[in-house]
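Novice: model the following, please.
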Amino acid sequence: MAQTHNQQQSPFLAILSRMKYINRWALMRNSREENLSEHSLDVALIAHMLVTLANVRHSRTLNADRAAMIALLHDSSEIITGDMPTPVKYANGHIQDAYKDIEVLAEESLIKTLPEDLRGVYADLYHTDCPSEDEQYIRRLVKAADKISALIKCIDEAQAGNAEFATAQKTCQATVDVMAAQLPEVADFVAEFLPSYGSTLDELLSL
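Specialist: As a prediction, this is how the structure comes out:
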């Protein structure tokens with residue numbers, strides 16, 4: 001017999017839908033604004049591909065769908081906190097630690113907007129208390145996807161003739177290069193998927 005639940009309105013998804021109002025790269029002149037919703041989708045697609053590469057080519061047995069969901073939610077706390085620019089967030093350890101605490105509190109606030117019987121499912125996507133080795137690896141790949149997405153944004157801006165992102169592109173490229181040296185899936189992605197970004201649609205379809 002189906003279990004019945006008290007019907008309770010939940011604003012969780014309505015709140016998440018507001019990611020489209022949070023613009024990234026606030027301190028930079030953008031040729032095209034990028035909102036948090038767009039970024040999260042890009043990170044989810046890249047993370048899913050990285051995990052797929054890990055499974056197919058590097059003998060992993062990871063959950064690509066889980067990686068995509070973690071990626072979709074990875075910056076959702078910024079609906080509450082706003083997007084703190086990277087130079088400010090990482091200016092020193094005190095600011096970085098304080099902002100991390102604020103992020104966790106914001107995530108907990110989002111989780112509390114869910115019906116009580118669903119909270120555990122989504123809390124597990126935000127953070128796990130004792131992550132397994134596989135879970136740790138998934139989250140490393142999600143982090144790599146986040147950095148790759150930032151690099152792609154820099155590439156797009158460079159293609160648009162915007163020199164504002166030149167320094168950011170060098171920084172992002174260096175970070176991705178380090179990750180590629182440590183994670184074979186990232187190296188595969190950089191070699192096979194990254195070069196196509198910045199091309200026109202006609203060029204992409206002719207590859």
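
Novice: ends of stretch 126-137, what's the gap?
Specialist: Start and end residues of stretch 126-137 are separated by 15 Å (C-alpha to C-alpha, to the nearest Å).

Novice: outside of that stretch, which residues touch it?
Specialist: Ala54, Arg60, Thr61, Leu62, Asn63, Leu73, Val104, Glu107, Leu110, Ile111, Arg139 (C-beta atoms under 8 Å, 6 or more residues apart in numbering). Yep, even glycine has a C-beta here, placed from its N, CA and C like the rest.

Novice: residues contacting stretch 64-84, please?
Specialist: 15-16, 18-19, 22-24, 26, 36, 39-41, 43-48, 50-52, 55, 99, 102-104, 106-107, 109-110, 122, 125-126, 138-139, 141-142, 145-146.

Novice: write the PyMOL selection for whichever of these are buried.
Specialist: Those of these that count as buried under 16 or more other C-beta atoms under 10 Å are selected in PyMOL with:
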select buried, resi 16+19+22+24+36+39+40+43+44+46+47+48+50+51+99+103+106+107+110+122+125+126+138+139+141+142+145+146
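
Novice: which of the contacts of stretch 64-84 fall within helices?
Specialist: If you go by DSSP state H, those have 15-16, 36, 39-41, 43-48, 50-52, 55, 99, 102-104, 106-107, 109-110, 122, 125-126, 138-139, 141-142, 145-146 in helices.

Novice: secondary structure element for Leu151?
Specialist: Leu151 is part of helix 133-159, with elements assigned from DSSP states H and E.

Novice: count the neighbours of Cys130 for me.
Specialist: By other C-beta atoms under 10 Å, 5 other residues sit near Cys130.

Novice: distance of it from Leu62?
Specialist: According to C-beta to C-beta, to the nearest Å, Cys130 and Leu62 sit 17 Å apart.

Novice: just Ala174 next, same as before
Specialist: Applying C-beta to C-beta, the value for Ala174 to Leu62 is 26 Å.

Novice: who's more crowded, the two?
Specialist: Leu62 (19 against 11).

Novice: pLDDT score for the nearest residue to the more buried one once chain neighbours are set aside?
Specialist: For Leu62, ignoring the flanking residues on the chain, the nearest one in space by C-beta to C-beta, 6 or more residues apart in numbering is Val51 at 4.8 Å. Each residue has a pLDDT score; the one for Val51 is 98.
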